[in-house]
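> below are the sequence and a predicted model for it; my questions follow.
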Amino acid sequence: MTMPTRLPALLALAAAVLWFSTTDTDAHAAYESSSPAFAEVLDKSPSEISIRFTQELFRREGGNELWVESARGGDISQYLLPIVISNEDRHVMRAELDFELRPGRYLVSWVNLSAEDGDTDSGSIPFYVATEPTMSEIEVDRTMAQELLIIYPGDEPEEPEAVETVAPLTPAVVRADQSDDASLGAGPIIWLAAGGLAALFVVGAMGVRLGSRRRHDP
């Protein structure tokens, strides 16, 4: 097979590889944000659990599930009201919580069905009620964040500090002090005096020459 005949086959192969790689990357409704947020510490029990995904969800019975568990091992999903996926924003799955959660760590888990490609996805996020996470819980939460391909809160890279630009120095121009006195300085007076003397000398010389000429004239 010559190069001109092989070129269309190579282009078709490259297009197929690109399509499959794009499909594998985006083939699910991934976690985007939630309320409570990932690893958020709440002052009191939330009244609703909501999760936003990167794709719209398929509103099919049994296709989307949501449940809440206590870190102490108790399943409190029976206190969640039915899941709601509104037509106004089908990226969001929400359910009201008809129960007052006690202080502690909780996990929100889900299974969803994408309306864009028909793929399913699942995951879990932690949150805390009236208690701070321990160091071991923070490490577990960091691992969960990596699994969801998100950044653990507070681990965001610091923005580089703005470098203060210094304006270039302009050469200072030293000006002579200007006096309000209009009198001439010593320099101009000396030059004026010298000029006057020179003028007198010239006039005197011319007078001597004229006198001598008159004496010699017949």
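Received, thanks.

> please make it C-alpha for all contacts and neighbour counts, starting now.
Noted.

> pLDDT below threshold where in this structure?
Scanning the chain with the threshold set as pLDDT under 70 gives 1-27, 163-218.

> what is the neighbour count of residue 123?
Residue 123: 15 surrounding residues under other CA atoms under 10 Å.

> now it, what's its secondary structure?
Judged by DSSP: H, G, I helix; E, B strand; the rest coil, the three-state class of residue 123 is strand.

> before we move on, what about residue 59?
coil.

> burial of it, as a residue count?
17.

> ranges for the helices of this structure?
3-26, 135-147, 186-216 (DSSP state H).

> and the end-to-end length of stretch 35-43?
One end of stretch 35-43 to the other measures 14 Å (CA to CA, to the nearest Å).

> could you list the buried residues of that stretch?
By 16 or more other CA atoms under 10 Å, the buried positions in stretch 35-43 come out as 36-42.

> most widely separated two among the residues you listed?
38 and 42 (11.2 Å; CA to CA).

> overlap of the contact sets of these two?
residue 127 (CA atoms under 8 Å, 6 or more residues apart in numbering).

> residues in contact with the nearest residue to residue 80 once chain neighbours are set aside?
The shortest distance from residue 80 to any non-neighbouring residue, by CA to CA, 6 or more residues apart in numbering, is to residue 97 (4.7 Å). Contacts for residue 97 (CA under 8 Å, 6+ apart) come out as 46-49, 79-81.
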